[in-house]
Structure formats: C-alpha cells, structure tokens
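S.K.: model this:
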Amino acid sequence: MNPRISLFLVTFLVSNTALAQTSLDRGPQTPNQRVAQGQQVASNVAASVPQDALKQAAAQRRGQFGPLNRTTVPLGQIQKAWDKAGKDGGVHTQVECGTCVYRVRLREFMLTVIQLPEDVKIKNADVADVNLFDTKVRNDTTLVIKPLAAGVDSSLQVYAEDGRVFSFYLRAETVNSKHIPDLQFKIEKPRLVQSALIEVTAGGPPAPLMNMPAYTPRGGETQKVAGDYVKRANIDPSKLRGWGEYKLWGSDNSLKPELVLRDDHFTYIFYGDKWNDLELPTAYVVVDGIDELVNTRVSGKAYIIENTAKLITLKSGQSYMCIQYKGT
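M.R.: Model prediction:
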C-alpha cells in the first residue's frame, strides 16, 4: 500500500479508537453528541494531514493535475574533438592482417560497429569483461560494441566458421577524450594498389616494401590477389622514390616515421619498431588553405596514404608531424 495512504488510515484509526474509548468511558451519548464527536474526528484527521496534500487531493478529484515540466538540464557531455573532425572522422579501415591484434578506440555513450571481410561468417564472439563491454553479433560479418564505462580496456575474440580468429584490443575513453573514437571499424581483404594487377619487375622494391601485399615479387612474375578487379599497372621500381628526399618536422618524435616512400599513386609510411605501440594518426593535405582529410589504410606494417601531395600532415590528438617531399 502507498505509504502516504497508510499514514492517512493509521491517523484515522488512531483518532477513531481514541474517540471510541472516550465514549465508552462516558457512557451512552445523545445523537447531537455523536455528531459533535464525528466532527471532532474529521477535524483531528484533517489536522494530521498536510494542507497542501488536502488541496492537491481536492483538485485531483476534479481532474486537475497541474502542468508537467518536461525541460531537461544540459549535461555538458558533448565531445569537443568532433568539432574539427572531417567527414571521414570516426571511420577506420584496415587490411586483414592474419595473426595481428586490431586496436579499436571506443567511447562511453557511443556504439561502435566492427565489420569483417565479406567472405567471413561469424560463428561466435567472446569479450573478456562482459560487465564493462556489451557485444552483440548483428549478422554474418558485423558485430557492435558498447562500452559501459570509461577508462577501461579489454579484449574481444571473434570466431569465423572457416576457423579464422579475429583478435581485438578494446579501449574505452571518456567524453572529454581528445581522440575521435572508431564508430566504424572495417577490416578489408588484402588488395593490390588501386585494386590492380601489379607486375613487379626483376629486382623488386626496397626491403621495407617486401611485406606489403601490393609488392610480392617472384622473379618478375605477375601477382594477383583473388577477387580483385584486374587492371594492369606496371610498377617500375624506379618510380618508388623518396629516399632521403623528405623533410620531417612536428610537435614531437612520437609520429616520426623511419622511412617515407612514394610512387605515382600513394605515399608509404614505415614506423619500424614503433609500429606495435603506435596509435596510427590521421592524414591531411592542404586544399585552398584548408586541411582536408585523406584516405589511409594499413597493409602489413605499412601505413598507406592515398595521396602524393608534397606536404602531408599526420595528426594524433595534440601531436602532429609534417612530411614534405623535396624531390621532383
């Protein structure tokens, strides 16, 4: 029973009991005396109930319940990092890397979608801490993750029906994080440069490129990745340039690459031993005086920037690194 109603009934019964006991002590009563006692009971009950409650009850009996205030108080929980995010902010695309661990940046109060390659059929998924990360499989290639707290991390294992296992490191950050979270994390099948058929001539590319799917020489044989659109693009190693022709400067050395190369299509960034511990940056080029975000992807341990502008800026949080090509 509602405690407020209970209080009213208790008060009423106590008053009635006390009055009845008084009547027994005094003997038989006349009708006028009983009316007077009834009025006294009502007065006692009314005195024990707050006047505001009595007024509200009377108004509610007439169907008057007053206005309902639906306004909300601003919470100040908008992430400022999104104010300067480009149109591709929050989207991360990475080439399938076999036994590597994919690192996903999450944010509290936001949902992240992980999309596996199209030839994958998810069988099951396990997240290490179910109390802090809510994970659901949506279809054969897609699952969603929602962090239930911030400043925490965990791991996620996704099992495919063909036996492949995709391992993820999950990190949940706060609303005031300086980093844009990965709202879409897409893993693609390895592709050749520009989805093309690459013919590598004798001699092959420089050693840092040997681990890239786009450059897998076998004595000058033509290589092809299954399922890719076939288009001949003869890559001459002489077009892989940039040795000692890049000027690098920035806020610190955390984003400084060990080697930068380029061809007629893309710019290739190599971080060497820093690769496993590095939060990959976003890449920008200046167009009409404004920084424009450009597409990037990962192949092996090469960070590929799909642009050959002479000045490219890498940014991660408050850190930045400028990469300027000084060649011709």
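S.K.: Could I get the average pLDDT for stretch 310-320?
M.R.: Across stretch 310-320, the average pLDDT comes to 90.
S.K.: what about that stretch, how long is it end to end?
M.R.: 16 Å (Cα to Cα, to the nearest Å).
S.K.: Any regions of the stretch 201-328 of the chain where pLDDT drops low?
M.R.: By pLDDT under 70, the weakly predicted segments of the stretch 201-328 of the chain are 201-240.
S.K.: Let me see the contact set for the residue nearest to residue 101 when sequence neighbours are not counted.
M.R.: Leaving aside its chain neighbours, residue 101 sits nearest to residue 167 (4.8 Å; criterion: Cβ to Cβ, 6 or more residues apart in numbering). For every residue, glycine as well, the C-beta is placed using N, CA and C. By Cβ atoms under 8 Å, 6 or more residues apart in numbering, the contact list for residue 167 reads 100-102, 155-158.
S.K.: One more: residue 150?
M.R.: Contacts of residue 150 (Cβ under 8 Å, 6+ apart): 107-108, 172-175.
S.K.: tell me which element it falls in.
M.R.: Residue 150 is part of no helix or strand when elements are defined by DSSP states H and E.
S.K.: what about it, distance to residue 123?
M.R.: 30 Å (Cβ to Cβ, to the nearest Å).
S.K.: and what of residue 64?
M.R.: Taking Cβ to Cβ, one finds residue 64 at 60 Å from residue 123.
S.K.: Which one of the two is surrounded by more residues?
M.R.: Comparing residue 64 with residue 123 by other Cβ atoms under 10 Å, the one with more neighbours is residue 123, at 14 against 9.
S.K.: Next, give phi and psi for that one.
M.R.: Phi and psi for residue 123, reported as degrees, to the nearest 10, are phi -100, psi -40.
S.K.: confidence score at it?
M.R.: In this model, residue 123 carries a pLDDT of 95.
S.K.: thinking it is in contact with residue 159, fair?
M.R.: Yes - using Cβ atoms under 8 Å, residue 123 is in contact with residue 159, at 4.8 Å.
S.K.: on that earlier part again, now do the SS call for the residue nearest to residue 101.
M.R.: Following DSSP: H, G, I helix; E, B strand; the rest coil, residue 167 is assigned to strand.
S.K.: Can you tell me who it pairs with across the strands?
M.R.: With DSSP bridges as the criterion, residue 167 is bridged to residue 101, residue 157.
S.K.: same thing with residue 303?
M.R.: residue 269, residue 298.
S.K.: check contacts around it.
M.R.: 257, 268-271, 280, 296.
S.K.: Same check on residue 254?
M.R.: Residue 254 sits in contact with 278, 316, 319, where contact means Cβ under 8 Å, 6+ apart.
S.K.: tell me the strands in the stretch 101-250 of the chain, going along the chain?
M.R.: Secondary structure of the stretch 101-250 of the chain, counting by DSSP state E, counting those that start in this stretch: strands at 101-107, 112-115, 122-127, 133-137, 142-147, 152-160, 165-173, 184-188, 197-200, 222-223, 232-235, 246-250.
S.K.: re earlier: could the contacts of residue 303 go into TSV alongside distance to residue 130 and neighbour count?
M.R.: Shown next, in TSV, are these (distance: Cβ to Cβ, whole Å; neighbours: other Cβ atoms under 10 Å):
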residue	distance to residue 130	neighbour count
257	39	20
268	40	26
269	37	24
270	38	20
271	34	18
280	28	17
296	33	22
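S.K.: Which one of the residues you listed is nearest to residue 85?
M.R.: residue 296 (14.7 Å; Cβ to Cβ).
S.K.: which residues sit in contact with the closest one?
M.R.: 93, 280, 282-283, 303-306.
S.K.: That one and residue 154: what is the separation?
M.R.: Counting by Cβ to Cβ - residue 296 and residue 154 are separated by 26 Å.
S.K.: contacting residues for the nearest residue to residue 267 once chain neighbours are set aside?
M.R.: Nearest non-adjacent residue to residue 267, counting by Cβ to Cβ, 6+ apart: residue 305, 4.3 Å away. Residues counted as contacts of residue 305 (Cβ under 8 Å, 6+ apart) are 266-269, 283, 294-296, 312.
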